[in-house]
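J.: Got a predicted structure plus its sequence, pasted below:
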Amino acid sequence: MNRFAQFAVRVWDCDMDFAHPEITANAGIARFRAFLRSIGMPATLSEVGASAADIPGMTAHRAEKPGGFPFGNFVKIGPEEMTAILHLAE
């Protein structure tokens with residue numbers, strides 16, 4: 001959580017809530033979404049025409065790629081984590 005709070009403070013100029021860094025992180029996410037919308041980019045799966053029904057296929061597609069799972073740089077994630085993240089993006 002602290003890395004996401006740092007991102008919010010450093011990139012989006014959010015105030016740091018040291019007692020509750022998740023509040024800072026969520027403020028950064030809100031500002032990032034607002035930025036995406038301001039430049040006409042989609043911020044959710046539904047905005048690109050995808051739905052929850054498409055998530056298993058997205059996860060399967062990643063599994064078929066070279067390297068498959070786990071993947072990521074900051075945190076390595078597997079199919080369960082990818083599915084959970086995509087549901088958050090609905």
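T.: Sure, I can see it.
J.: which residues touch the residue of the chain positioned farthest from its centre?
T.: Largest separation from the mean C-alpha position in the chain: A19, at 23.0 Å (CA atoms, centre = their mean). With CB atoms under 8 Å, 6 or more residues apart in numbering as the criterion, no residue contacts A19. Where C-beta positions appear, they are placed from N, C-alpha and C, glycine not excepted.
J.: Check whether it sits in a helix, strand or coil.
T.: coil (DSSP: H, G, I helix; E, B strand; the rest coil).
J.: To which secondary structure element is A60 assigned?
T.: Assigned by DSSP states H and E, A60 belongs to helix 55-64.
J.: Show the average pLDDT along that helix.
T.: Helix 55-64 shows a mean pLDDT of 96.
J.: can you check stretch 32-50 too?
T.: Mean pLDDT, stretch 32-50: 97.
J.: And the contacts of it?
T.: With CB under 8 Å, 6+ apart, stretch 32-50 has contacts from 12, 51-52, 54-55, 58, 86, 89-90.
J.: rewinding a little: and the contacts of the helix holding A60?
T.: Residues from elsewhere that reach helix 55-64 (CB under 8 Å, 6+ apart): 45, 50, 68-69, 71, 79, 82-83, 86-87.
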